[in-house]
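Enquirer: Provided below for reference: sequence and predicted model.
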Amino acid sequence: MRKPLIAGNWKMNGSAELVETFGRAFAEIDLMSVDVAIHPPFPYLDAARQAFAATPLKLGAQTLNPLDSGARTGEVSGQMLAEFGVEYVLVGHSERRQLYHESDEQVYERVIAALGAGLKPILCVGETLEERDAGLSEDVVLRQVGYVMARLEPGQRQQMTIAYEPVWAIGTGRTATPEQAQQMMAAIRGYQAGFDRELADALRLLYGGSMNAGNAQELLAQQDIDGGLIGGASLKVDDFTAICQSAG
Ligand code: PEP
C-alpha cells in the first residue's frame, strides 16, 4: 500500500508570513495517512523548519547543485539542505529544464547528489504540448524517467518519487484529464516493473499540473496516482489543506 504524498512547490513565491500561516494551520490538522511536504524558496527553509516543527509538514527544497561545495556562486548543495532538515528535493522541474536548460544528464547528477546527501528526490518529468500533439508523450516521459532510474542501484530507486507533470498543464489552469494522467502513470509504473516489480508496486507517482481543491479528488482516485505536486494552489492554505484531506 503506497502512502500518498502531497508536495507544495512554492517556486519563487511566499513570504516569512506565509510560512507562519502554514505552521499555524497544520498544527491543527491530523494527517496520519498522508505525507505532506512544503518546498519554499531557500531563504525560508530555516524559518519553515521551526514553524513546521509541531506539525506533520515535512520540508522540501526546489533544486540543488550536484557538488557538495565549491566555487558555484548562488548555488546550494544537498548537504546544506540536509543540515537544515530538508527531506525531499525536486529535481528536473520543467521550469528548470526549460529556463535553466537542465539536461537529462544534469538532472541525473542532481539525483545522485541528493541521494548522497540522504535526501529523497522527487524526479519531475513531462512532455510539452508540441510533444503531446506529435504523439510523443510517452516516449519523452519514459526517456526522462529511464535516463535516471535505469542507472540507479535498487537501494537508490527505493528513495525516489516520480512526479508526472505535463508541461502544458503547469500554471495554465489546464489539467490533464484523470484518464490521461492515469494512462501515463501506468506507463511509468509498467516501465519500472521491467526492472523490479516489487519496487514498481512501491514507487510513489505524483501528478502535477494545475491540481487544485476542485479537481484533486478525481485525480487522486486514479489507481496509479499516489499524490500531487502542487504549484499555485499550494500558496493558499485553505486550498492546500483541502487537497491534503482529499488524499488522506
Ligand atoms: C508545479 O509547478 O509543479 C505545478 C504543478 O504548478 P501548478 O500547480 O501551478 O500548475
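Expert: Structure's in. What do you need? Residues are numbered from 1 along each chain as shown.

Enquirer: ok, and the closest non-adjacent residue to whichever residue of the chain sits closest to the ligand?
Expert: Ranked by CB to the nearest ligand atom, the top residue of the chain for proximity to the ligand is G231, at 2.1 Å. Where C-beta positions appear, they are placed from N, C-alpha and C, glycine not excepted. Leaving aside its sequence neighbours, G231 sits nearest to N9 (CB to CB, 6 or more residues apart in numbering; 5.2 Å).

Enquirer: quick one, what contacts that neighbour?
Expert: Listed by CB atoms under 8 Å, 6 or more residues apart in numbering, the contact set of N9 reads 39, 60, 62, 90, 93, 208, 229-231, 234.

Enquirer: go again using 7 Å as the cut-off
Expert: By CB atoms under 7 Å, 6 or more residues apart in numbering, the residues touching N9 are 39, 62, 90, 229-231, 234.

Enquirer: what are the phi and psi values for it?
Expert: Backbone dihedrals for N9, given as degrees, to the nearest 10, come out at phi -100, psi 100.

Enquirer: Mind jotting down where the helices sit in this protein?
Expert: 16-27, 45-51, 78-83, 94-99, 104-116, 129-133, 137-149, 154-157, 178-193, 197-202, 216-220, 237-247 (DSSP state H).

Enquirer: What does the pLDDT read for the most far-flung residue of the chain relative to its centre?
Expert: Going by CA atoms, centre = their mean, the residue of the chain most distant from its centre is A71, 27.8 Å out. What the model reports as pLDDT for A71 is 98.

Enquirer: I'd guessed A216 sits against G248; true?
Expert: No. Contact criterion CB atoms under 7 Å: A216 and G248 do not qualify, at 11.1 Å.

Enquirer: residues near the nearest residue in space to G248 that is not next to it in sequence, how many?
Expert: Residue nearest to G248 in three dimensions, not counting chain neighbours: V34, with 4.3 Å by CB to CB, 6+ apart. For V34, the neighbour count with other CB atoms under 10 Å is 19.

Enquirer: what does D239 give?
Expert: Counted with other CB under 10 Å, residues neighbouring D239 total 18.

Enquirer: L64 - how many residues pack around it?
Expert: Neighbours of L64 under the rule other CB under 10 Å: 26.
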